[in-house]
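Undergrad: sequence? don't have it. structure:
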């Protein structure tokens, strides 16, 4: 837990370093979505499945996604599960003491934490430093290729928002000129929100006709959908009174922003009609069909032999008390 007078952030180092709570103390509200399944370390009796490997232990909140984004796939002999593999394994961690801490071992209010993990099916190491700064969190990450060969990956931040913060009519703000790339096919059999075909944020062609404003969070029960946004390096998601969150990131590393919405239309596994969630997820690549497809479309992140890539991003609360 990282905590000050403004916010409380709770991480699960034994499960992907997931951020499962971002609590705005001024308003007494958690911005991070919590899955209706809750937190689970394993699902006894569950059949082996590369999609369920992620979903059955998914607590909501925010995940690091690497080396595969979205659907299971195969890459150079490695079988990769949904959003595999760093979000499903324990990370080592070390507290960063604050100015009032006598030592790392006696630090009840740390300033930050350093997480580290190495993947099993890829030659990768991630080092992630998180620091609490005023009304926000600042992240500095390093992704290292440990092999003498070039590899390709998908790297993303799976950031989701839910109730009680998220509500119909909340607004998403992006820089001007952002391109909208709808997913090629519907992700739900009941239909979709956006018609296939490139558009410009925020008003795009709706399915089956008309237009839809992607900057407005829809009512519960609307169609599930995912689109990919290109040309953004920040976003803000806010309630009508202006409180919410701003996220900034290095778009030279993560040039795409996935906008995913599940509004209760999925009445079968895994949500059973219980999910009202919006994802705004900076990613290196697209689509959510997995690494093999990102390699084919040329958006996979390439790492030279022994290359190290750095990424800085941040999340800050918006809207002070009046």
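TA: Received the coordinates, thanks. Keep in mind it's a predicted model, so treat the numbers as computed, not measured. Residues are numbered from 1 along each chain as shown.

Undergrad: switch to C-alpha atoms for all contacts and neighbour counts from now on
TA: Fine.

Undergrad: Tell me which residues touch residue 302, please.
TA: 150-153 (Cα atoms under 8 Å, 6 or more residues apart in numbering).

Undergrad: burial count for residue 182?
TA: Look at residue 182: counted by other Cα atoms under 10 Å, it has 23 neighbours.

Undergrad: now do residue 13
TA: Residue 13 has 18 nearby residues by other Cα under 10 Å.

Undergrad: Verify the stated contact: it with residue 88.
TA: No. Counting by Cα atoms under 8 Å, no contact exists between residue 13 and residue 88, whose distance comes to 10.3 Å.

Undergrad: show me where this structure has helices.
TA: Remark: helices assigned in the chain by DSSP state H are 52-55, 291-297.

Undergrad: Packing partners of the longest one?
TA: So that's helix 291-297. With contacts defined as 3 or more Cα pairs under 8 Å, 6 or more residues apart in numbering; DSSP states H and E, helix 291-297 has these neighbours: strand 73-75.

Undergrad: Tell me where the model's unsure across this protein.
TA: Where the chain drops to pLDDT under 70, the residues are 40-48, 99-108, 320-322.

Undergrad: for the most centrally placed residue in it, what are its contacts?
TA: Taking Cα atoms, centre = their mean as the criterion, residue 158 is the residue nearest the geometric centre of the chain, at 1.1 Å. By Cα under 8 Å, 6+ apart, the contact list for residue 158 reads 62-65, 279-282.

Undergrad: Would you mind measuring from it to residue 206?
TA: Going from residue 158 to residue 206 by Cα to Cα, to the nearest Å gives 25 Å.

Undergrad: gap between residue 81 and residue 226?
TA: 19 Å.

Undergrad: ok, the closest residue to residue 277 other than its chain neighbours - how many residues close by?
TA: Nearest residue to residue 277 in three dimensions, chain neighbours excluded: residue 162, at 4.8 Å (Cα to Cα, 6 or more residues apart in numbering). Residue 162 has 21 neighbouring residues, counting by other Cα under 10 Å.

Undergrad: hang on, isn't residue 110 packed against residue 97?
TA: Yes. The pair residue 110 / residue 97 is scored as a contact, 4.5 Å apart, by Cα under 8 Å.

Undergrad: Of the two, give the one with the bigger neighbour count.
TA: Higher neighbour count among residue 110 and residue 97: residue 110, with 22 against 19, using other Cα under 10 Å.

Undergrad: give the contact list for residue 73.
TA: Per Cα under 8 Å, 6+ apart, neighbours of residue 73: 79-81, 289-292.

Undergrad: Can you tell me how far the residue nearest to residue 277 is from residue 221?
TA: Noted for residue 162: a distance of 14 Å to residue 221, by Cα to Cα.

Undergrad: Next: residue 60.
TA: 19 Å.

Undergrad: Could you do residue 151 as well?
TA: 41 Å.

Undergrad: about what we covered before: so which of the contacts of residue 73 wins on neighbours?
TA: Ranking the contacts of residue 73 using other Cα under 10 Å puts residue 291 first, with 31 neighbours.

Undergrad: which stretches of the stretch 151-300 of the chain form strands?
TA: 151-153, 156-162, 171-173, 179-182, 199-200, 203-205, 211-213, 225-230, 234-238, 244-249, 256-262, 277-283 (DSSP state E, counting those that start in this stretch).

Undergrad: Format those strands as TSV; extra columns: distance to residue 135.
TA: Below are those laid out as TSV (distance: least, Cα to Cα, whole Å):
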stretch	distance to residue 135
strand 151-153	32
strand 156-162	18
strand 171-173	19
strand 179-182	30
strand 199-200	32
strand 203-205	32
strand 211-213	30
strand 225-230	27
strand 234-238	14
strand 244-249	10
strand 256-262	23
strand 277-283	20
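
Undergrad: what about those strands, which gets the closest to residue 314?
TA: Closest to residue 314 of the strands of the stretch 151-300 of the chain is strand 244-249 (Cα to Cα; 5.3 Å).

Undergrad: elements contacting that closest one?
TA: strand 234-238, strand 308-318.

Undergrad: okay, these in TSV with mean neighbour count next?
TA: Converted to TSV, the helices and strands packed on strand 244-249 look like this (neighbours: other Cα atoms under 10 Å):
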stretch	mean neighbour count
strand 234-238	21
strand 308-318	18
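
Undergrad: contacts for stretch 17-34?
TA: Against stretch 17-34 from outside (Cα under 8 Å, 6+ apart): 5-12, 59-64, 87, 90-91, 115, 159-166, 244, 277, 317, 320-321.
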